[in-house]
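Engineer: Predicted model and sequence follow; I will ask about them next.
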Amino acid sequence: MSKYRIYELAKEYNTTSKVIIDILARNNITAKNHMSSVDDAAKAVIDRTFARKAGVAPTAEKNNGSKPADAEKVSHSDVGEAPGRSGLTKQSRSGIETRHSGEPQRSQEARSEQSNPKQQTKPVGHTGQQSRPKQQNQQNQPNQQNRQAQYNQHNQQRKQQHSPQRSKQTPQQNQRGQQSSQPQRSQQTPGQRPTGSQHDSGTWHNEGARRPVQANNNKKRGANGPKQQQGKDQHATGNPNTRPSASVSTAKTEPPKPKTIKLGEPLTVKELAGKLGREVSEVIKKLMMLGVMASINQEVDLDTATILAEEFGVKVEVLPPEEDPTEIPEIEDDPGSLLPRPPVVTIMGHVDHGKTSLLDAIRQTHVTATEAGGITQHIGAYQVNYQGKKIVFLDTPGHEAFTAMRARGAQVTDIAILVVAADDGVMPQTIEAINHAKAAKVPIIVAINKIDRPGANPDRVKQQLAEHGLIAEDWGGDTIMVPVSALKKTGLADLLEMILLVAEMQELKANPNRPAYGTIIEAQLDKGRGPVATVLVQKGTLRVGDIIIAGTAYGKVRAMVNDRGDKVKKAEPATPVEVLGLSDVPQAGDILVAVDDEKKARSIAEKRLAKKRSEELQQAQKVSLDDLFKQIQEGNIKDLNIVIKADVQGSVEALRQALVNLKNKEVRVNIVHGGVGAINESDVMLASASNALIIGFNVRPDANARKAAEAEKVDIRTYRVIYDAINDVEAAMTGMLAPEYKEVLQGRVEVRQVISIPKGLVAGSYVLEGKITNSSQVRVIRNGVVVHEGKVESLRRFKDDVKEVTAGFECGITIERYRDIKVGDIIEAFAMEVVK
Ligand SMILES: Nc1nc2c(ncn2[C@@H]2O[C@H](COP(=O)(O)OP(=O)(O)OP(=O)(O)O)[C@@H](O)[C@H]2O)c(=O)[nH]1
C-alpha cells in the first residue's frame, strides 16, 4: 500500500495542495495539510477527478487562481519538447510566448478555459498541437489513456457547448477536431501550417508576422483561402476575447478594403488596385475574367473600373470631371430671359452658280439702297433689313468656311441657302453643300438662280434635288425652293420672305442681358489697327471696354465697327461687328467670350496656347519617310498612306502600281489620292488629314503647299526618277533609308612646328588628347575660330606613315589642299558616324 503526500499529488497535477485537500474532502477523505499522507484509494479519487474534470475549470482552482507560470511551463515544454514537430514553426512558439507575456487578457481567458494544466493541451485535435497529449503523458503517467479519451470527449463537448459556431464548422474542421490530424498535417504544405495553428489560441497574436505568407498561400490555394478565413472567423466569433487581438493584427497587415471609392477619371490598373486595397494581380485576374486584358500600367476607363469595383463588392462614387482650365463654363440662360433674334444665313452652292452675285444683289438691294448714304464695308458678315426685320448674311460663301467653323465647334448658321444654277443643275459641290447642311442640321432653302438664262430648267433642278432628298413644296415635299436671278435681281424679295418665314418657325431667341458670347467670322492683322476680328455676337451684348477672350487671344474691346463702317458702342445678339483690342489674331470659328477679369482672360489664353503647342508637337508625329520604320516598329502605322502627284497621268499610275506592290507583313501601302499637276495646298491638307506623305514626280509644291506642309508637318518628297521614289519608300519601310551621320570627336593636336617640304607644309604636332588617324577629318582652329575643315592627307611618325597617333606622341600631319597651317593652331580630329 503506497502513501502519497498531498503536496506530491498537487505537484503531479500541477495544482495546489488545497485543491487536492478539497477534492479529498468532497470524497470524505480527510487530509489536514500538504504534508498529510493519503493511500492508493485517495490517489485514485484524485486521478479520477482530474481525468473527469479535464477541460473544466474547477471552481476551487479558479478561486485560487491558477499559476500562469505553470501554464506557461506546460505550454513551453509541450511545444519545445515535441519531437518531430518540425512543422510547428518558431513563429507559433513565439506566438505562445507572446500570448502569455504580452496579452494578459488572453492569458486570463486561457486560464479560465484551461484551469487544469492538462487543459493547456486543449487544441488536441487541432492540427497544430498534436503531440501535446503525448508529451503530457510522459509527464503524467497514470491512467493516461483513460484521461486522454475523456479529455478528447470533453473537448468535443465543450466545443459544441461553448462555441455554437464551431458546431457549424466544415466537416473537415470537425474531423480535425476529432481525429488525429497527423494524416491531414502530412498533406499540408509547410505554408499551410499556420492554418492549424490558427486554432491554437496562442497563435492569434502572431498573425501579424505570419499573415503575408498566409495571404500568399491563400492566393496559391485559391478556393481554400476563403474557407480558412471562414474557419478563423468562426474561431474568433466563438471566442470573443480573442476577437480584438485577431482583428487588430489583421488591420495591421492587410491593406484597408474600402466599401466605397471615388473615381473621377480613368486610372491605371495599379492605381485602381491601390484604391480597392487589392493586389494588382487580383485586379488583373478580375479584369481578365471580364474579358479585359490589361497590364499594371494600362489605363482602365471609368465604366470598366466601376464594374470591376462592383465585382470586389466596392461601390463607386463617380466624381464630376475635373474642370479644364482652358475652358470657360457656358452660362445657361433662363428661358424667360430669351428674346427673339435675327436669323444668320449662309449661302452655299457649286462654283459659278452665282453665290457671290446673289449676296451682292441682296446687299445692294437691301443694304446700300435702304441705308441712304451707307457705305457697305466688307467685314465678313452683314445685316439686311427686310420688312422691318433683320437678317444676317455670312459673307463667306462656300462650304469651306461653313465647315471650318463647324470643325471648330462653332455653329453660327441658322439657315443655309443652296444656290443652284437653273441651267447647270445639281453638281458635285451642290451635293457636298447639301450634305454639310444636313450634317449641321440646318434647314435648307434652295435658290434656283439664273432663271433668266435661256437654258434655265427649274423643274430639272427640282428633279435632281429630289434625288438627294430635297423635295420641293410644290412637289409635296417640305423644301422651300425660290426661283431667282441675281443678275436681274428678281425673286430676291421672295427669298428674303422665305428666310424670315423659316426663321420664325425656328423661334430663334437669345438673351441680350448677359456677358457676350460670339464666334469669330474672320480675323486679320491690320497694319494700323493691329489684330482685327469680325465677331458675330450670338448671346448677350458685347460692349466697348469688355474684357474678351477668343481662342488664344485676349484683350479689352477698344473699338467696334459695324458692317456699314459705323463705330458702335455695343453689339446685341445676331450682330456682326469688327472688334479691335485683341492681343493676337484669333482664328475663324474661335469662340469669343466676355469675362470679368483680365488676369483670368490672360491666364486662360496662355493655357490654351500651351495646350495648342503641345498638340502641335503631337502633330509632329505625322508619318515621314525618315521615321516611317520606327513608327512601323512601334505599331503606330499599319497603312502607309501616300498622296501621289506627277506631271502626267501615266506616271501617277506607274507610281501607284509600284508603290502598292511594296506592301510587307507590317505595313500596307494605300494611295489616298493621285493626281496630275503641282503639289498644292489641298493635297497637303488631304495628306495631313489622312496622315499621308506626298510623293511628287517631276512636280514641285507651290508656295502655299510648302507653307501648309510646314505648318501641318506633312512630308513632301519630290523625285525625277521613278525608281528613286520607289526605292526610298521601300527603304523607309524596311528601315534601310540612307542613314544619318553624327560627328564624333577623336582627339586634339597642337601644331608646334611648321616644316616646308616640296609638296606643301607639314605640321609638326603633338597629340594633346585622344588620337588622330590617317583618315580623320580635321578642323583647324586658330584663336578659337575654325579656319579650315578638311581631311588628313598624311600622318607620319619620324619618316614612317602611320595609321594613328595617340595622346602624348609627336607626329607630322599634312592636310588635304591646305597650306596655311601655323604654329599654335589646334587641329581637332573627328569622324562621322552613322546614327543608328
Ligand atoms: N445670267 C445670269 N448670270 C448670273 C446670275 N448670277 C450669276 N451669274 C453669273 O455667273 C457667274 C458666276 O457668278 P458668281 O456669283 O461669281 O458665282 P459664284 O457661285 O459666287 O462663284 P464662285 O465664287 O467662283 O464659287 C458670273 O459671271 C455671274 O455674272 C444670274 O442670275 N443670271
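Structural biologist: Everything's here; your move. Every value quoted in this text rests on a predicted model; they were computed, and no experiment measured them.
Engineer: Let's verify Ala447: helix, strand, or coil?
Structural biologist: Classification of Ala447 using DSSP: H, G, I helix; E, B strand; the rest coil returns strand.
Engineer: and it, how many neighbours?
Structural biologist: 29 (other CB atoms under 10 Å). Just so you know, the C-beta spots here come from the backbone N, C-alpha and C atoms, and that holds for glycine as well.
Engineer: Same check on Lys270?
Structural biologist: Lys270: 15 neighbours (other CB under 10 Å).
Engineer: Looking at the chain, which strand is longest?
Structural biologist: Longest strand in the chain by number of residues (criterion: DSSP state E): strand 740-757.
Engineer: what helices or strands is that one leaning on?
Structural biologist: strand 760-773, strand 810-815, strand 826-835 (3 or more CB pairs under 8 Å, 6 or more residues apart in numbering; DSSP states H and E).
Engineer: what sits up against it?
Structural biologist: With contacts defined as CB atoms under 8 Å, 6 or more residues apart in numbering, strand 740-757 is touched by 761-773, 776, 806-807, 810-813, 821-835.
Engineer: again, only this time at 7 Å
Structural biologist: 761-773, 776, 807, 813, 821-835 (CB atoms under 7 Å, 6 or more residues apart in numbering).
Engineer: How about Ile46: what's its closest non-neighbour residue?
Structural biologist: Closest residue to Ile46 apart from its sequence neighbours, by CB to CB, 6 or more residues apart in numbering: Leu9 at 5.4 Å.
Engineer: for the ligand, what are the nearby residues on this protein?
Structural biologist: Listed as neighbours of the ligand in the chain under the rule CB under 6 Å from any ligand atom: 349, 351-357, 397, 449-450, 452-453, 485-487.
Engineer: at 5 Å what do you get?
Structural biologist: 351-357, 449-450, 452-453, 485-487 (CB under 5 Å from any ligand atom).
Engineer: which of these sit farthest apart?
Structural biologist: The most widely separated members of the residues of the chain next to the ligand, counting by CB to CB, are Val351 and Asp452 (19.4 Å).
Engineer: quick one: which of the two has more around it?
Structural biologist: Comparing Val351 with Asp452 by other CB under 10 Å, the one with more neighbours is Asp452, at 16 against 12.
Engineer: give me every residue that touches that one.
Structural biologist: Going by CB under 7 Å, 6+ apart, the list of residues near Asp452 reads 485, 487-488.
Engineer: ok, of the residues you listed, which come out buried?
Structural biologist: Listed as buried from the contacts of Asp452 are Ser485; burial here means 16 or more other CB atoms under 10 Å.
Engineer: Surely Val392 is in contact with Asn385?
Structural biologist: No - contact criterion CB atoms under 7 Å: Val392 and Asn385 do not qualify, at 11.0 Å.
Engineer: neighbour count winner among those two?
Structural biologist: A side-by-side neighbour count of Val392 and Asn385, using other CB under 10 Å, places Val392 first with 24 against 14.
Engineer: measure that one to the ligand for me?
Structural biologist: 19 Å (CB to the nearest ligand atom, to the nearest Å).
Engineer: So for the residue lying closest to that residue once chain neighbours are set aside, what pLDDT did the model give?
Structural biologist: Excluding the flanking residues, the one nearest Val392 by CB to CB, 6+ apart is Val344, at 4.5 Å. The confidence metric pLDDT takes the value 93 at Val344.
Engineer: How about the contacts made by Val344?
Structural biologist: 392, 394, 412-414, 536, 574.
Engineer: do you know how far it is from Asp40?
Structural biologist: Distance from Val344 to Asp40, counting by CB to CB, to the nearest Å: 120 Å.
Engineer: what's the answer for Glu769, then?
Structural biologist: For Glu769, the distance to Asp40 - CB to CB - is 106 Å.
Engineer: So what's the residue count around the nearest residue to Lys570 once chain neighbours are set aside?
Structural biologist: Distances taken as CB to CB, 6+ apart put Arg543 closest to Lys570, at 4.7 Å, once the chain neighbours are dropped. Burial of Arg543 is recorded as 15 neighbouring residues (other CB under 10 Å).
Engineer: Take the helix or strand hosting Ile548, keep the C-alpha atoms, and write them as CSV.
Structural biologist: Using DSSP states H and E, Ile548 maps to strand 547-550. In CSV, the C-alpha atoms belonging to strand 547-550 read as follows (Å, rounded to 0.1, in the frame of the first residue of the first chain):
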residue,chain,number,x,y,z
ILE,A,547,-12.6,92.1,-71.4
ILE,A,548,-12.7,89.3,-74.0
ILE,A,549,-11.0,86.1,-74.9
ALA,A,550,-11.1,84.4,-78.3
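Engineer: rewinding a little: would you write a PyMOL line that selects the buried entries of the contacts of strand 740-757?
Structural biologist: A single PyMOL command selects the buried members of these (16+ other CB under 10 Å):
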select buried, resi 761+762+763+764+765+767+770+771+772+773+776+813+821+825+826+827+828+829+830
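Engineer: in its sheet, what does the helix or strand hosting Ile671 sit against?
Structural biologist: Using DSSP H and E, Ile671 maps to strand 668-676. Strand 668-676 has the following strand partners under DSSP bridges: strand 639-646 (parallel).
Engineer: Return the backbone torsion pair for the residue in the stretch 651-800 of the chain positioned nearest to the ligand.
Structural biologist: Closest contact between the stretch 651-800 of the chain and the ligand, by CB to the nearest ligand atom, is at Ser682 (15.2 Å). Dihedral pair for Ser682: phi -70, psi -30, per degrees, to the nearest 10.
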